[in-house]
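sequence plus predicted model, see below.
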Amino acid sequence: MKKKNLNIIRIILFTCTFVSLFFVPWPIVWTWLQPLPDTVQEQLEQGIDRGFDGMIVYVDQKEKPAKTYAAGWHNKEEKIPAKTDAYFKIASISKLYFALAITKLVNDGKLSLDASLSSYLPELKGRIENADQITLRLMVQHRSGIPNYTDTYNYWAAPKETAQENLDLVLDFPGTFKPNEDYQYSNTNYLLLGLIIERITGNDVSNFIKDEILIPNGLNNTFSGIHEVDIDDVMSGYYVGYDGDLKYDKQGMIATAEDVGKFIRALNEGSIFEDGEQEIYSSIYVYNHTGLIPGYQSIAKYHKDIDAVIVQFVNTVNFNGYEWNISEVVYNRIKKIVKKNSTN
C-alpha cells in the first residue's frame, strides 16, 4: 500500500513538473541565459535575433563620449537599415515633459497643485466623478481615479486623434476609485493636464513645451508629432500579427534617442530646472520613464551607480506576448555591458 502511494506521488510530481515546464516563458529565459557579449552593438544584434525588427540604443556615460547604436530595420518592407538618428514615438516618456511643464507653471504661480480639476475646467464638473476633489497633484501622480481612455474597449484598433475624442470615451463614467485612495496609471490624467496648460497659458501645450523646455535646452530633435517631420525619418513600427506600418498613426511626441537621453541627463542632474522647480518636481513625479504603444516600446533611465543614461527603442510590440519582457532583459544586459566596460 505504501509503495503504491509512493508511485502515485511520483506520477503527480512528474506531471506537475512537466506542466510547469510547459508554462515557462522560454523566450525570456533564453534571452537571459545567453552569454553576455562584450559590446552594446553585439547585444542589439542578439535582440534582433530574439524577434525584434529594429532597435536603437543611446548610451551617455559621464567622462565618455555619448554613442548611439542601431540594429535591424528602420523600415523592413523597404529593407532600410535602422538609423541611429531616426525619430521614434516615445509614448509615455512624454509624461516627463508634461510634468516638468506643470512644475514650471506652479513655480511661476500660475497653477496650484492643490487646486481641483473643476476649478480649472469647470465644464467637467458632473461629467468626471469627483472633479471638485481631484487635484492637479493627484492627476500628475495617477492617484485621481479618472478612468484611462486607452483602456476602453478595443481602443487600439482605431485610436482617436484629438484630445476631445479621447476625453469623450470616459466622460460620465464612474471613477475607478476615490481620489488619493489608490493608484492607477491613466493617460486621461495627462490629457487633462494638457488642456489645463492650454487654458491657463492661452497657448497650445506642444508650443508651450517647445518654448519652455525644448528650445532652451537645445532639444532640437524632439517634436509634438509626426506632422512636424519628414515621415521617412520616423522609424517604422510593427505589431506582431499585423502587416501594416504603424508609424502613420498620430500618437504623441517623437524624438531621437539622443535627444531623449540629453533630456533624461538634464532632468536627473537638475540642470534643466530653474530656481525653485526641482523641489516641486521631486514632490510630484519620477525622473525616469518607459513608453509603450502599438509598434513602439521604449525605456529611458539614468543609472546613478554607473553615472549613465541609457535609452532603448524597440519597434516591435505584442501586447499578448513576451516582447516587453524581452526588451527589459536586453536593456538590463546592456546596462551590465556598460558597467563592465566602465571598469576596464
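Nice, thanks for sending it over.

contacts and neighbour counts: CA atoms only from here.
Noted.

need the residue closest to the centroid of this protein.
Closest to where the C-alpha atoms of the chain average out (Cα atoms, centre = their mean) is G291, at 1.5 Å.

wait, doesn't it sit right on I90?
Yes: with contacts counted by Cα atoms under 8 Å, G291 reaches I90, the gap being 5.9 Å.

who touches both of these two?
Counting by Cα atoms under 8 Å, 6 or more residues apart in numbering, the residues touching both G291 and I90 are 297-298.

what sits up against the helix or strand hosting Y281?
Using DSSP states H and E, Y281 maps to helix 277-284. Residues from elsewhere that reach helix 277-284, judged by Cα under 8 Å, 6+ apart: 99-100, 103-104, 107, 137, 140-141, 270.

show me what the host helix or strand of E165 is packed up against.
Here E165, judged by DSSP H and E, is contained in helix 163-168. With contacts taken as 3 or more Cα pairs under 8 Å, 6 or more residues apart in numbering; DSSP states H and E, helix 163-168 sits against helix 187-201.

could you give me the buried positions within the helix it packs on?
By 16 or more other Cα atoms under 10 Å, the buried positions in helix 187-201 come out as 187-198.

need those in CSV (columns: distance to N166).
Converted to CSV, these look like this (distance: Cα to Cα, whole Å):
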residue, distance to N166
N187, 10
T188, 8
N189, 12
Y190, 12
L191, 8
L192, 10
L193, 14
G194, 13
L195, 12
I196, 15
I197, 17
E198, 17
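
out of those residues, flag the one nearest to I56.
Using Cα to Cα, the shortest approach to I56 within those belongs to N187, at 25.4 Å.

not counting sequence-adjacent ones, nearest residue to that closest one?
Spatial nearest neighbour of N187, chain neighbours left out: N148 (5.5 Å); criterion: Cα to Cα, 6 or more residues apart in numbering.

ranges for the strands of the stretch 1-150 of the chain?
Per DSSP state E, counting those that start in this stretch, the stretch 1-150 of the chain carries strands over the ranges 54-61, 67-75, 80-81, 88-89.

any chance of those in a markdown table, plus mean neighbour count?
Listed next are the strands of the stretch 1-150 of the chain as a markdown table, based on neighbours: other Cα atoms under 10 Å:
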| stretch | mean neighbour count |
| --- | --- |
| strand 54-61 | 25 |
| strand 67-75 | 21 |
| strand 80-81 | 13 |
| strand 88-89 | 31 |
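
circling back to that earlier point, which helix or strand contains the residue nearest to the centre of the chain?
Short version, using DSSP H and E: G291 is in strand 289-293.

before we move on, what about I326?
Per DSSP H and E: helix 323-342 holds I326.

which elements pack onto that helix?
helix 26-33, helix 40-49, strand 308-314, strand 316-317.

give me every residue that touches A70.
41, 44, 54-57, 82-84.

for the closest residue to F273 other than its chain neighbours, the count of nearby residues, please.
Nearest non-adjacent residue to F273, counting by Cα to Cα, 6+ apart: L267, 7.5 Å away. Residues lying near L267 (other Cα atoms under 10 Å) number 21.

low-confidence ranges, this protein, go.
Applying pLDDT under 70 to the chain flags residues 1-28, 30-33, 344.

the domain parsing of it - what is it?
1-33, 40-342 (automatic domain parsing).

out of the ones you listed, which one sits most buried?
domain 40-342 (a mean of 18; mean count of other Cα atoms under 10 Å).

that one: how far from the chain's middle?
The chain centroid and the centroid of domain 40-342 are separated by 4 Å, computed with Cα atoms, centre = their mean, to the nearest Å.

endpoint to endpoint, it covers what distance?
End-to-end distance for domain 40-342, by Cα to Cα, to the nearest Å: 12 Å.

mind putting the strands of the stretch 1-150 of the chain in JSON lines, distance to Q297 included?
Below are the strands of the stretch 1-150 of the chain laid out as JSON lines (distance: least, Cα to Cα, whole Å):
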{"stretch": "strand 54-61", "distance to Q297": "10"}
{"stretch": "strand 67-75", "distance to Q297": "14"}
{"stretch": "strand 80-81", "distance to Q297": "18"}
{"stretch": "strand 88-89", "distance to Q297": "8"}
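
next up, the contacts around G237.
245-247, 294-296, 315-316.

so which of these comes closest to E274?
Using Cα to Cα, these come closest to E274 at Y296, 32.1 Å.

any idea how far K178 is from the closest one?
32 Å.

hang on, the earlier thing: OK, contacts around the residue nearest to the centre of the chain?
With contact taken as Cα under 8 Å, 6+ apart, G291 is in contact with 90-93, 297-299.

one more: Q141?
Q141 touches 284-285, counting by Cα under 8 Å, 6+ apart.

sorry, back to before: out of the contacts of G237, who's nearest S224?
Out of the contacts of G237, the member with the shortest distance to S224 (by Cα to Cα) is K247, at 14.0 Å.
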